[in-house]
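*Asks:* Need a 3D model of the sequence below.
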Amino acid sequence: MSDHPSQADHDSRPPDHRDDVVLTEVRDEHVLVITLNRPAAKNAVTSAVAAGVAAALDRLDGDDALRVGVLTGAGGTFCAGMDLKGFLAGDVPFLEGRGFGGLVEAPPRTPLIAAVEGWALAGGLEMVLACDLVVAAETARFGVPEVRRGLVAAAGAAMLLPQRIPRTLALEMLLTGEPVEARRAADLGLVNRLTGEGGALEGALALAQTVAANGPLAVAVTKQVALAAPDWPAQVAWRRQAELVDPVFGSADAVEGATAFAEKRPPRWQGR
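*Replies:* Residues are numbered from 1 along each chain as shown. So this is what the prediction gives:
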């Protein structure tokens, strides 16, 4: 469900409970919105949140009708990171093999877009870094304050932030712990699109619909190549790409895409 609990999922699945810490809702048939739902705690992540996110991502990757995911937070905040009170009480928001929040070590195969309002701090920023695209309200702020608490941003930011923005600027964020505003984050390349306050989800949905309109097999393999290619040795890169890409060019969707273009009509994708 979304933050409107009276509405059932568009795919007629049983409605989620009002007190669920992670809500899901299918939008426009092909987009799964995943909402962190602890607004009173600024959507701080607990083990229950991590499990809920992991389950939602399993659903996203396991349902052929779902082509894009959108991750957001309820109550005007994306995520303030780990729930420190819960952590001190023994609650650990990490899942084996999936990392913090059930996401950062094992992002979904399906494209995932972060829709950020308010703060994305510490683990919250690290969940943003696990997403493929980012839409943020102009009033959003991003930060990794771990060093201010004598900690290291070990849920992904220390490794991934220097890959997403210039290294010296990533180090500034990591070593000072000072946050950056959304417009600055966009200038650095961390944010794809900016919206007015309160508009991040709708902006992310518009971007998701653009992605979802494309061939799902082609989108999935394109993401796979783009993320894997930097680790491929030069002497095998083209071969590895061909291994992934050749089946796409021989697929029913490739034929449908060309046919639809020639017939000047929207394509009817089969995902095969």
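*Asks:* Could you use CA atoms for every contact and neighbour count after this?
*Replies:* Noted.
*Asks:* Leaving out the residues flanking it, which one is nearest to the residue nearest in space to the middle of the chain?
*Replies:* For the chain, the residue nearest the mean C-alpha position is Cys131 (3.1 Å; C-alpha atoms, centre = their mean). Excluding its sequence neighbours, the residue lying closest to Cys131 (C-alpha to C-alpha, 6 or more residues apart in numbering) is Leu112, at 5.1 Å.
*Asks:* and the one you found, what does it touch?
*Replies:* Leu112 makes contacts with 68-71, 131-133, as judged by C-alpha atoms under 8 Å, 6 or more residues apart in numbering.
*Asks:* and it, bridged to which residues?
*Replies:* Assessed by DSSP bridges, Leu112 has beta-bridge partners Gly69.
*Asks:* for the helix or strand harbouring Val33, what is the average pLDDT?
*Replies:* Per DSSP states H and E: Val33 is located in strand 31-36. Mean pLDDT, strand 31-36: 98.
*Asks:* And the very next helix or strand once past that strand, what's buried?
*Replies:* The element immediately downstream of strand 31-36 (helix or strand, assigned by DSSP H and E) is helix 47-62. By neighbour count with 16 or more other C-alpha atoms under 10 Å, helix 47-62 contains the buried residues 47-54, 56-57, 60-61.
*Asks:* ok, back up a step: which other helices and strands contact the strand holding Val33?
*Replies:* Helices and strands touching strand 31-36, by 3 or more C-alpha pairs under 8 Å, 6 or more residues apart in numbering; DSSP states H and E, are strand 22-27, helix 47-62, strand 68-73, helix 200-212.
*Asks:* Take the longest one, keep the C-alpha atoms, and write them as PDB.
*Replies:* Coordinates of each C-alpha in helix 47-62 appear next as PDB, following Å, rounded to 0.1, in the frame of the first residue of the first chain:
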ATOM      1  CA  SER A  47      15.600  -5.000  11.300                       C
ATOM      2  CA  ALA A  48      11.900  -5.000  10.400                       C
ATOM      3  CA  VAL A  49      12.400  -2.300   7.900                       C
ATOM      4  CA  ALA A  50      15.300  -4.200   6.400                       C
ATOM      5  CA  ALA A  51      13.200  -7.300   6.100                       C
ATOM      6  CA  GLY A  52      10.300  -5.300   4.600                       C
ATOM      7  CA  VAL A  53      12.500  -3.700   2.000                       C
ATOM      8  CA  ALA A  54      14.100  -7.100   1.100                       C
ATOM      9  CA  ALA A  55      10.600  -8.600   0.600                       C
ATOM     10  CA  ALA A  56       9.500  -5.700  -1.600                       C
ATOM     11  CA  LEU A  57      12.600  -6.000  -3.800                       C
ATOM     12  CA  ASP A  58      12.000  -9.800  -4.100                       C
ATOM     13  CA  ARG A  59       8.600  -8.900  -5.300                       C
ATOM     14  CA  LEU A  60      10.000  -6.300  -7.700                       C
ATOM     15  CA  ASP A  61      12.400  -8.800  -9.300                       C
ATOM     16  CA  GLY A  62      10.000 -11.700  -9.200                       C
END
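*Asks:* rewinding a little: distance-wise, check the residue nearest to Cys131 relative to Glu178.
*Replies:* 26 Å (C-alpha to C-alpha, to the nearest Å).
*Asks:* Likewise for Val135?
*Replies:* Distance, Val135 to Glu178, using C-alpha to C-alpha: 21 Å.
*Asks:* Which one's more surrounded, the two?
*Replies:* Of the pair Val135 and Glu178, Val135 is the one with more neighbours under other C-alpha atoms under 10 Å, namely 30 against 15.
*Asks:* Excluding residues flanking it in the chain, which one is nearest Leu194?
*Replies:* Leaving aside its sequence neighbours, Leu194 sits nearest to Ala136 (C-alpha to C-alpha, 6+ apart; 5.1 Å).
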